[in-house]
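> based on what follows, work out the 3D shape:
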Amino acid sequence: MPNSTQTDPREEVLRLAFLEGAKWPLGPAPLRALISMGMPYAQIAKHFAISRIDVCDLRARYGIARPS
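Predicted coordinates:
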């Protein structure tokens, strides 16, 4: 777990995605990538100012397996 001086690499991925213009809803590949790298639904939702349910719904719509 990162301490206060370290940046979570997953947060950096989202920050860079925003700089590149990522908007909700994400396509299947970016959403699958975030989920496969262990990004919690709540964290994805926070960055897009949506609910965790919205993330779950889109995951299901794209047929992305639930993280184990």
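> nearest residue to the residue positioned nearest the centre of the chain in space, please, no chain neighbours.
In the chain, the residue lying closest to the centroid (Cα atoms, centre = their mean) is Ile44, at 3.5 Å. Closest residue to Ile44 apart from its sequence neighbours, by Cβ to Cβ, 6 or more residues apart in numbering: Val55 at 5.0 Å. (Glycine included, C-beta is placed from N, CA and C.)
> quick check, pLDDT for that neighbour.
Model confidence at Val55, given as pLDDT, is 95.
> now what about the strand or helix carrying it, what contacts it?
If you go by DSSP states H and E, Val55 is part of helix 52-62. Residues outside helix 52-62 that contact it (Cβ atoms under 8 Å, 6 or more residues apart in numbering): 24-26, 28, 31-32, 35, 41-42, 44-45, 48, 66.
> show me which of these is closest to Glu11.
Of all the contacts of helix 52-62, Glu11 sits closest to Ile44, with 11.1 Å by Cβ to Cβ.
> low pLDDT regions in the chain?
1-5, 18-19 (pLDDT under 70).
> picking up where we left off before, now list the buried members of the contacts of helix 52-62.
Taking 16 or more other Cβ atoms under 10 Å as the criterion, what is buried in those is 26, 31-32, 35, 41, 44-45, 48.
> which of these fall in helices?
31-32, 35, 41, 44-45, 48 (DSSP state H).
> possible to save those as TSV with distance to Pro9?
Below are those laid out as TSV (distance: Cβ to Cβ, whole Å):
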residue	distance to Pro9
Leu31	18
Arg32	17
Ile35	15
Tyr41	18
Ile44	15
Ala45	19
Phe48	19
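> closest to Thr7 among those?
For those, the closest approach to Thr7 (Cβ to Cβ) belongs to Ile44, at 16.9 Å.
> list the contacts of the closest one.
Counted by Cβ under 8 Å, 6+ apart, Ile44 has contacts 14, 31, 34-35, 55.
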